[in-house]
Every structure is written in C-alpha cells, then in structure tokens.
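Peer 1: turn this into a model:
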Amino acid sequence: MTRDLGVRLAPENIWVNVVCPGFIQTPLTAGLAESPEVYELLARRHPWGDLDGRRKLRVSFVTAAVWTVDGGYTSS
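Peer 2: Residues are numbered from 1 along each chain as shown. Reported below is the predicted structural model:
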C-alpha cells in the first residue's frame, strides 16, 4: 500500500512513507512487563537484550534495518 500510494501521489507532491517499529517499551506495551516470561522472550530476541530503547538514543536502537531511499524508483 505504501509503495502504491507513494507512486500514485508523487505527482501531487505528497510523500508516503511508513515506519514499522518492533517491540519497544512504551505505555502501549507496558503490559508486557507484567509477564516476566513474555518480556524475557521478547528481550532475548533483540540483539540489544532488552526492549527499553529509552536507555539509548532512539536512533541507536535501530539496527539491521534496510531503508531504501531512491525517490520511489524501485516501487514504480
């Protein structure tokens, strides 16, 4: 959907992008901390070993991500 809208709306000077965050400790995911088993399972799956990106700069919590920045070339 993002690629399609990005290509369709480009002539209107409208940018369409998406950010797909993983699990990170926020008020929305606060319930995860209530279950130590679930929290530990998710934390072990993160290379950083925890879900608390607040301890790091947000940008430093991004790793192994692929962002194609090509003006929509590969989408059209």
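Peer 1: tell me where this structure has helices.
Peer 2: Secondary structure of the chain (DSSP state H): helices at 2-9, 36-44.
Peer 1: between the ones you listed, which one is closest to Pro21.
Peer 2: helix 36-44 (13.0 Å; C-beta to C-beta). Placement of C-beta: from N, CA and C, glycine included.
Peer 1: who wins for proximity to Ala65 among the helices of the chain?
Peer 2: Closest to Ala65 of these is helix 2-9 (C-beta to C-beta; 15.3 Å).
Peer 1: give the buried residues for that closest one.
Peer 2: Buried residues in helix 2-9, counted by 16 or more other C-beta atoms under 10 Å: Gly6.
Peer 1: what pLDDT does Met57 get?
Peer 2: Careful, residue 57 is Leu and not Met. With respect to pLDDT, Leu57 scores 54.
Peer 1: same deal with the one 3 residues further on?
Peer 2: As summarised for this prediction, Ser60 has a pLDDT of 65.
Peer 1: list the residues that contact Ala43.
Peer 2: Ala43 is in contact with 49-51, counting by C-beta atoms under 8 Å, 6 or more residues apart in numbering.
Peer 1: can you pick the most crowded of those residues?
Peer 2: Neighbour counts for these, by other C-beta atoms under 10 Å, peak at Leu51, which reaches 21 neighbours.
Peer 1: now that residue: how far from Pro21?
Peer 2: Using C-beta to C-beta, to the nearest Å, Leu51 is found at 11 Å from Pro21.
Peer 1: same question, Thr74
Peer 2: 22 Å.
Peer 1: Asn17: what's it in contact with?
Peer 2: With C-beta under 8 Å, 6+ apart, Asn17 has these contacts: 2, 6.
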